Each structure stands twice: as structure tokens, then as C-alpha cells.
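> pasting a predicted model and its sequence here:
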Amino acid sequence: MTLEPSRLHLHLVSDSTGETLESIAKAGLARFEGVEGIKHFWPMVRSEGHLDRVIEAIARQPGLIIYTLVDGGVRDRLEQRCASLGLPIVSPLDPMIGALSDLLDQAATRRPGRQHIMDKAYFDRIDAINFTMVHDDGAAHENWEEADIVLAGVSRTSKTPTSIYLANRGYKTANIPIVPQSPPPALLFTLKRPLVVGLTTAPERLLTIRRNRLLTIGQAPDTDYVDAAHIESEVAYARRLFADHDIPVIDVTRRSIEETAAAIINLFQGRTQRGPSGPVPR
């Protein structure tokens, strides 16, 4: 089947939430230049009747079908219908499940959605999200000791989105802006349990981000907040502060939120593995 190269419909068919398929589709599309991926989500497909309705919709906007289905009957029906329609189809988890099955000498279960069960890890993640929302932008610093991670950095170094991403991974995360005119509380430098990480970035990138931010909210970009010399001074102050207190620093200039979070998690796990002086192991 020939598809328009720059515009591709992706049908994500899952018997669960479809989050896994979305990540796989995003990773796959990232390898191709100039391709617009139009994603269609079909979650919680657990009966042949539901599947038939989904296939009718897919036939109207044909494209690549990516699926995770554990029910044999529903899975077989999808494969047969797609074959009759001439639609490409792939089950990306099959190779991994096959390899695990061979390695463990055990058949995989056929219970959909097991990765989303509400176990202790699920509720720990919800607690982390709640904690992080309450401890954004320097709030409630008096109980930072309960955090797993504390992020510090000048304004617009992605502290809040990185904190939220980490919270979704189960890490209680607080963050605080570094402002030369208003130094952070001394508590930041005496914390025992949390990993404190400094975020920094190139001043010229920060200038562009701040200008765009002010334009977005309708404010004139003519304050110290977007003054090049002032920004350089801010960044230098924060870097000196981190160096003086032996705080590890991550430069976010060319990092996505995911890449920054991965680097922080590596620091966290390395600190945990070094012994009792680190945070409580997860």
C-alpha cells in the first residue's frame, strides 16, 4: 500500500490506555524528516464488536496500524481484517515478549492493562505528583527534607516542567528559582535526604526564551528580566552558588525535558547506590 510520504495516519489500537504505543510511535516518527504523523487513538479495545467499529473508522483514513492486544480472538480478527484491506500492521512488543518468554521459560499472561494496576507504586506516584505541585517555585520549603529531589536555577531553566516529569516517574520533587536579589533559604544547602541539583543554561538562550515569554503574556520586553547583561549576571551568580556548595549542575541549553530528567535520575540512582548517606532507596 502506497501512502503519501509527508502525511501519515497512525492508528494506535490498544486493549489498555495506549500510552506505550504513543511513545513507540513518537520515537519511530522522530527518525524521519518532514513527516507529519496524524495519530488516531483507539484505547480499551477488548471485544470483537468494538474492534469492528474501530476498523470501519480506520478504513476511512488508512495508514499504519500499531497495536498491543493480548486477547487472541481480538488480535486475530484485527490482523485478518487489516490483511483483507491491505493495511500495514505491526505489534511492536511481540519481539520483546517472545525474548522474555524464552529467557524465563514462561508463557506471557493474557491479562490486558496489567502495567496500570493500582498497586503501591501507583499510589506512590500519585503522592509524588501531589507533593511536587505543592512545592513548586520555592513554596513550602520548610519540608523540603521530605523530597527526593530539589531543583534550583534561574527563571526559565525548565524547573517546573522537569519537576512534573520527575513526579510522573515517582520522584517527589521541589524547585526554587535562584534570584540574586533574594537568595534562597539556607535550608537548601543543609538538606540531607534530597538530591539537590542546579539547572543552568546559556545566557543567550535564556534571553530568547524570556523575550518570547513576555511577548506571549503581552508584556513589553524592556525590563531587567530580558536585559542581556543582567541575565549573564544572574546565570553567573547561580553557577557560583552551586559551585560554593558542591551542588551538581546540569546544563539544559541543548537538552529536552526528558533528557534533563534522565540525567537527574542517573545522579539520584548513583547517589542512592553509594550508601546510607544518600536518599532512601526507592
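All right, it came through fine.

> which parts of the protein are helices?
Using DSSP state H, the helices assigned to the chain run over residues 19-29, 48-60, 72-85, 94-104, 120-134, 159-168, 203-216, 228-244, 257-273.

> show residues contacting the last one.
With contact meaning C-beta atoms under 8 Å, 6 or more residues apart in numbering, helix 257-273 is reached by 148-149, 151, 158, 161-162, 165-166, 169, 171, 195, 197, 199, 248, 250, 252, 255, 278-279, 281-282. Bear in mind the C-beta positions are built from the backbone N, C-alpha and C, glycine included.

> next one: stretch 17-29
10, 12-14, 35, 37, 39, 41-44, 66-68, 92-93, 113, 115-116.

> are any of the contacts of helix 257-273 buried, and which?
Neighbour counting over the contacts of helix 257-273 (16 or more other C-beta atoms under 10 Å) leaves 148-149, 151, 158, 162, 165-166, 171, 195, 197, 199, 250, 252, 255, 278-279 as the buried ones.

> so what pLDDT did the residue nearest to Thr109 when sequence neighbours are not counted get?
With C-beta to C-beta, 6 or more residues apart in numbering as the criterion, Thr109 has its nearest non-adjacent residue at 7.6 Å, and that residue is Val70. For Val70, the pLDDT comes out at 88.

> give me the neighbour count for Val70.
18 (other C-beta atoms under 10 Å).

> pretty sure it is touching Ser16, no?
No - the criterion here is C-beta atoms under 8 Å, and Val70 misses it with Ser16 at 9.0 Å.

> so where's the stretch 51-200 of the chain uncertain?
110-119 (pLDDT under 70).

> how does this protein divide up, domain by domain?
Per automatic domain parsing, the domain ranges recorded for the chain read 7-114, 120-273.

> and the residue nearest to Thr109, how far is that from Pro92?
For Val70, the distance to Pro92 equals 14 Å [C-beta to C-beta, to the nearest Å].
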